[in-house]
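S.K.: pasting a predicted model and its sequence here:
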Amino acid sequence: MVQHAALHCGACVVGLDPNYPASVLDRLIETCGLAGLFVYDREQAKRLASEFPSSFVIGLDQCLDAGKSPVSRATGGPADEDLMGPDPDDPAIIVFSSGTTNDPKPIQYYIVKFCLP
């Protein structure tokens, strides 16, 4: 659901392996310029929020809580209603190679190739 919502608003989805060391995750996050992370639960979110203070981190179980949305809490306000949807030439998903021979490399899949009209 998070991936679908991200693609719908024009964001790019990046899958990260939570088992990578923090130093590797930090490089991958810097490479992608991630603004936010959605993780499995609030405990993981708390741990990662301290490791990656430049990004908002939300546990998916927080999305089920009543009241103000976690995105509003993280960004300080509601989502911008004037956001444009994705452009066909925008990246939809970035997958990192395994990095067995060097650092993991980003592989981009674009909206035009990933999403059928």
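M.R.: Arrived safely. Numbering: from 1, shown residues only.
S.K.: report the secondary structure state of the residue lying farthest from the centre of the chain.
M.R.: Using Cα atoms, centre = their mean, the residue of the chain lying farthest from its centre is Thr101. It sits 25.4 Å away. Secondary structure, DSSP: H, G, I helix; E, B strand; the rest coil: Thr101 is coil.
S.K.: ok, then the element right after the helix or strand of the chain with the lowest mean pLDDT?
M.R.: Every helix and strand of the chain was ranked by mean pLDDT, DSSP states H and E. The lowest is helix 70-75, at a mean of 53. Following helix 70-75 in sequence order, the next helix or strand is strand 91-96 (DSSP states H and E).
S.K.: quick one: contacts for the residue most central in space within the chain?
M.R.: By Cα atoms, centre = their mean, the chain has its centre lying nearest to Leu37, at 4.5 Å. By Cβ atoms under 8 Å, 6 or more residues apart in numbering, Leu37 lies in contact with Leu16, Ile29, Ala45, Leu48, Phe52, Ser55, Phe56, Val57, Ile58. (C-beta placed from N, C-alpha, C; glycine too.)
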